[in-house]
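J.: here you go, sequence then predicted model.
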Amino acid sequence: MTIWRKSSRSGSATTQSDCLEVAQLDGAVGLRDSKAPDAGHLTLSPAGFSELVRRVKRDDLDV
């Protein structure tokens, strides 16, 4: 069973907020939109996910 998690800073389950959920998959990391969980997910390698987090923290991306 895949367990999807989101940041505790994203609000409660009843609060409508933009949020990204993450899950540990077999040898990968899954990302999905918490408002549309049935729309599918993006799969990244662990190294790719680490690079994404690093770039977001450095404000290298326009997000």
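T.: Yes, it's here.
J.: pull the contacting residues for Thr43.
T.: Residues in contact with Thr43 (CB atoms under 8 Å, 6 or more residues apart in numbering) are Leu25, Ala28, Val29, Gly30, Leu31. From N, CA and C alone the C-beta is placed, and that goes for glycine too.
J.: which SS class is it?
T.: Using DSSP: H, G, I helix; E, B strand; the rest coil, the secondary structure recorded for Thr43 is strand.
J.: is it in a bridge, and if so with what?
T.: When bridges are assigned using DSSP bridges, the partners listed for Thr43 are Gly30.
J.: distance check, it against Asp62.
T.: Taking CB to CB, to the nearest Å as the measure, Thr43 and Asp62 are separated by 22 Å.
J.: coming back round to it: of the contacts of Thr43, which is the most crowded?
T.: Greatest neighbour count in the contacts of Thr43, by other CB atoms under 10 Å, goes to Val29: 20 neighbours.
J.: now it: closest residue in space, sequence neighbours ignored.
T.: Sequence neighbours aside, Phe49 is the residue nearest to Val29 in space, at 4.0 Å (criterion: CB to CB, 6 or more residues apart in numbering).
J.: burial of that neighbour, as a residue count?
T.: For Phe49, the count of nearby residues is 18 (other CB under 10 Å).
J.: give me the element it is part of.
T.: In the assignment (DSSP states H and E), Phe49 maps to helix 46-57.
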